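**Q** Fold the following and give me the result.
(chains A and B)
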Amino acid sequence: MSPNATLASKGISIERWTKASRVALGSMAAVLALLMFAPAVLGAGAIDRMTALFIYVILAAMWNALAGFGGLVSVGQQVFFGLGAYFTIRLADAGLNPFVALFAAAIVTGALSIPLSLFMLRLKGGEFAIGMWVIAELAHLLVNLDRLIQGETGTSLISLNVYDGNTRRATIYWLALTAMAALLGALFILMRSRAGAAMQAIRDNEEAATSVGVRVIATKRLLFVLAAFGIAVAGGLWLATATTFQPKTYFSVQWTAYMIFMVLVGGIGKFEGAILGAILFFVIETVFGSAGVWYLIGLGATALIFSLYLPRGLWGEIERRFDFQLLPVGYRLKLPGPHKIKWEE
Amino acid sequence: MINTLLQGILLGGYYAVIACGLSFMFSVMRIINLAHGSLAVAAAYGLWLLAAKAGIPPFAGLLIVLPIMAAAGWLLQRFILERSARGGTLLPILTTFGLSIVIDNLLFEQFGADTRSLAPFIGNLSYASWQLPGHIFVGKLAVMMMVTAVVVLGALQFFLSRFALGRAIRATAEDPDTAGLVGIDARRVNAVATAITMVTVGIAGAFLGMRATFSPYAGGPQLLFAFEAAVIGGAGSLWGTLAGGIVLGLAQSLGAQLHPQGFLIGGHAVFLLVLFVRLSRFGMPVLDKLAASLRTRLRSPT
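**A** Predicted structure coming up:
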């Protein structure tokens, strides 16, 4: 008798999809399709804000991939955001179409993250977190040395000027939407694959994972490079919307603070959590962003309180209380009798 | 050139003071406190407040600020670190990072973006120097920082090897569960260790304010310097931290000679170089190794 049949005879079954999750995936695809038409309906301001939201979702999902699924908390992810923007400027200056440059820059940044991962991934916990911050600072200083950037003065993505305002806005919007959908899709598929199971095993217990034959470093590197690439795309997109590149802004640790906030509040290690966190962050920023420094104090305090008292985040609590998953990346064990469901993540 | 080298070495005293708290806390509790630098800056602001508003000179101000820092350390451990450490290794990083954002921005809210310095309140100490043969000048403050670093590190070492509480800290660092079996209260020991750490952070904050200017967001760089010094010096005991601080100070001073931006680049570059060499040759996480050798050294005090 196969293991599954043995389980079935006891009334136990393993599921990867639920009805809710099928509906969720379908409606997400529908929402994404509908969003394609937004530039025809919404005004310029709304489109710009939507673009910002998509960029936040990318940032949250990528940081969550690294920390939530890979167990690698980095405080230096702004390095990839800054490099994505910097290489976009550089490649556009070399004559590449700015929109093409944006993705080429992300590929360059992703490629750079491979040698970086060779020794950064050997660091653990806080060492990795601060080590990445040092990398970000160093990258910032080196970018400042580039003549084209003129130190902290920065420069602009002038080649965008050939497009008129509306075309530019709509193009960036579509690019951001496509990038978000593609990155979320890639992450979802990756997390449900064999590599995804390996990653979550590493996060939960690295020694145990090693002992059952998981290739720890290779698996972590996959996540590290994906996160680097995704965040670089976000950096390039942000540059496209803002046009000016000031190293101080792009290499600011604040970006990582935003990512941590979004993921902690939404639910670290939950696929839906990062998306929910990004939407919440977007709303909070829209409402309280003008409060300046108190807004930042609020973000820091919220992150602190969530990490102490609600480490599962909002989505984690929703999932626990209502036994509810929309985009499951784990396995679901169904037991007979009351309290019959256990999620294995 | 000799002058540059000497300044670099003396600068290492400051880095050793700020780094020893970071590595001490890591070796005892396995926590890297990301708010370490922000707390040092907060201490500097405390001293500045006492000096500028109440007319209490910084050295006298330390008598007020250091006990406050120790108390803050106790509270930090009881209310934040203890709870977050229960949640595994990721949570303390996130918690202390959130804390650093809160501290930085509260300082900004309170004091604005202006840079401050304690230099005006310490007479001519900030620029006074001794002249050595060959037109070499050594700053009195820089020498004082180096002497303090040696005293702080020596006192810490002495405390850990000669006092019952120090031995309890070592035992807890070694194995908290077994230490608990022989009647050591790990909670109390960790709170004491955090309080001690915060006293060193307070001293570092004082030096930060005396030797240069500081601003609300200066905490991040201070954390990085402390971390770099701890990692570079990783091979040894607490004295390794001193060596790490000196190497970092030297790299920065030499970098500054080469290029206007070279000060920071030089420090980061040496840090990465050390990291790269150590990781590729021994394949072992640096601070773990530091902690391991620290504990070995502490077990048999020489």
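
**Q** List the buried residues in the helix or strand that contains A:Val287.
**A** According to DSSP states H and E, A:Val287 maps onto helix A:271-288. Residues of helix A:271-288 classed as buried: A:271-282, A:284-285 (neighbour count, 16 or more other Cβ atoms under 10 Å in any protein chain shown). For glycine as for every other residue, the C-beta is placed from the backbone atoms N, C-alpha and C.

**Q** Give the buried residues for the helix or strand following that helix.
**A** Next in sequence after helix A:271-288, counting helices and strands by DSSP H and E, comes helix A:293-309. By neighbour count on 16+ other Cβ under 10 Å, the buried set for helix A:293-309 is A:293, A:295-304, A:306-308.

**Q** from those residues, which are also near chain B?
**A** Contacts with chain B within the buried residues of helix A:293-309, as defined by Cβ under 8 Å from any Cβ of the partner chain: A:293, A:296-297, A:299-304, A:307-308.

**Q** Quick check: closest non-adjacent residue to A:Ile89.
**A** Using Cβ to Cβ, 6 or more residues apart in numbering or on different chains and skipping residues adjacent in sequence, the residue nearest A:Ile89 is A:Phe245, 5.3 Å away.

**Q** count of residues packed around the one you found?
**A** For A:Phe245, the count of nearby residues is 24 (other Cβ atoms under 10 Å in any protein chain shown).

**Q** Look up phi and psi at it.
**A** When quoted as degrees, to the nearest 10, the phi and psi of A:Phe245 stand at phi -120, psi 110.

**Q** Please tell me how far it sits from chain B.
**A** Per Cβ to the nearest Cβ, to the nearest Å, A:Phe245 is found 18 Å from chain B.

**Q** Surely that residue is in contact with A:Leu239?
**A** Yes - the pair A:Phe245 and A:Leu239 qualifies as a contact (Cβ atoms under 8 Å) at a distance of 5.8 Å.

**Q** Against B:Ile122, how distant is the residue nearest to A:Ile89?
**A** As judged by Cβ to Cβ, to the nearest Å, A:Phe245 and B:Ile122 stand 41 Å apart.

**Q** Then A:Gly236?
**A** For A:Gly236 relative to B:Ile122 (Cβ to Cβ), the value is 49 Å.

**Q** The two: which has the busier surroundings?
**A** Legend: neighbour count by other Cβ under 10 Å for A:Gly236 and B:Ile122, higher for A:Gly236 (32 against 18).

**Q** Could you say which helix or strand holds that one?
**A** Using DSSP H and E, A:Gly236 sits within helix A:216-242.

**Q** ok, the nearest residue in space to B:Gln7 that is not next to it in sequence - how many residues close by?
**A** Spatially, and ignoring its direct neighbours in sequence, B:Gln7 is nearest to B:Ser253 (5.4 Å; Cβ to Cβ, 6+ apart). B:Ser253: 23 surrounding residues under other Cβ under 10 Å.

**Q** what pLDDT does B:Ser253 get?
**A** pLDDT for B:Ser253: 93.

**Q** Check B:Gly220 too.
**A** 94.

**Q** got a pLDDT number for B:Lys289?
**A** In this model, B:Lys289 carries a pLDDT of 63.

**Q** Ok, A:Gln77 next?
**A** Reported pLDDT for A:Gln77: 96.

**Q** For chain B, what's the nearest residue on the stretch 151-300 of chain A?
**A** A:Gly300 (3.0 Å; Cβ to the nearest Cβ).

**Q** Distance-wise, check that residue relative to A:Leu264.
**A** 11 Å.

**Q** overlap in contacts of these two?
**A** Counting by Cβ atoms under 8 Å, 6 or more residues apart in numbering or on different chains, the residues touching both A:Gly300 and A:Leu264 are B:Gly98.

**Q** now chain A, which segments are flagged as low pLDDT?
**A** Residue ranges of chain A with pLDDT under 70: A:1-16, A:324-325, A:327-345.

**Q** quick revisit: which two of the buried residues of helix A:293-309 have the greatest separation?
**A** Greatest spatial distance among the buried residues of helix A:293-309 (Cβ to Cβ): A:Val293 and A:Leu308, at 22.6 Å.

**Q** Contacts for the helix or strand containing B:Ala179, please.
**A** Assigned by DSSP H and E, B:Ala179 belongs to helix B:176-181. For helix B:176-181, the external contacting residues (Cβ under 8 Å, 6+ apart) are B:168, B:171-172, B:186, B:189.

**Q** next helix or strand past that helix?
**A** Following helix B:176-181 toward the C-terminus (DSSP H and E): helix B:186-211.

**Q** quick one: is that next one near chain A?
**A** No - Helix B:186-211 lies out of reach of chain A by Cβ under 8 Å from any Cβ, never closer than 14.3 Å.

**Q** which strands and helices sit next to that helix?
**A** Identification of packing neighbours for helix B:186-211 by 3 or more Cβ pairs under 8 Å, 6 or more residues apart in numbering or on different chains; DSSP states H and E yields helix B:2-29, helix B:36-54, helix B:58-75, strand B:116-117, helix B:140-162, helix B:164-174, helix B:176-181, helix B:219-232.

**Q** Heading C-terminal from that helix, find the next helix or strand.
**A** strand B:213-214.

**Q** Against A:Ser113, how distant is the residue nearest to B:Gln261 when sequence neighbours are not counted?
**A** Leaving aside its chain neighbours, B:Gln261 sits nearest to A:Leu141 (5.7 Å; criterion: Cβ to Cβ, 6+ apart). A:Leu141 is 18 Å from A:Ser113, where distance means Cβ to Cβ.

**Q** Which one's more surrounded, the two?
**A** Between A:Leu141 and A:Ser113, counting by other Cβ under 10 Å, A:Ser113 is the more crowded of the two (23 against 19).
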